[in-house]
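Novice: Sequence and predicted structure below; questions after.
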Amino acid sequence: MVYKWCVVPQCTNTSIKTPDKMFVSIPKNTKIRKKWLMLARRNPKDIAASTNAFMCENHFNIEQDMANYRQYTMGFRQTILLVKGAKV
């Protein structure tokens, strides 16, 4: 299992401390990644582009923002898919 930690300042959720939380992967696309990190109040230069970065479910309306919420929570999917236009 990959260690995941939430990049949002003062959020202490990790895949070890809070294993039942969902963690959404921050996109690798440079433009979108920069936007997500800035919305999370993080300097994009502080997190390398090669780093797998995540935000935990606390920072989303997860049921509305996930295209496959039911399938994921029932164990039929292993990847979180966000709906187009989901707000961070």
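Specialist: That came through, no problem.
Novice: Just give the number of residues close to K45.
Specialist: 9 (other CB atoms under 10 Å). Heads up, the C-betas are built off the backbone N, CA and C, glycines and all.
Novice: hang on, it is in a helix, isn't it?
Specialist: Yes. Applying DSSP: H, G, I helix; E, B strand; the rest coil, one finds K45 inside a helix.
Novice: now it: how far from M1?
Specialist: K45 is 28 Å from M1, where distance means CB to CB, to the nearest Å.
Novice: Hmm, P27 and F54 touching each other?
Specialist: No. Contact between F54 and P27 fails when scored by CB atoms under 8 Å: they sit 11.2 Å apart.
Novice: For the most centrally placed residue in the chain, what are phi and psi?
Specialist: By CA atoms, centre = their mean, the chain has its centre lying nearest to V24, at 2.4 Å. Dihedral pair for V24: phi -100, psi 130, per degrees, to the nearest 10.
Novice: you'd agree it is up against N52?
Specialist: No. If you go by CB under 8 Å, V24 and N52 don't touch, sitting 11.5 Å apart.
Novice: Mutual contacts of these two, please.
Specialist: Common contact partners of V24 and N52 (CB atoms under 8 Å, 6 or more residues apart in numbering): none.
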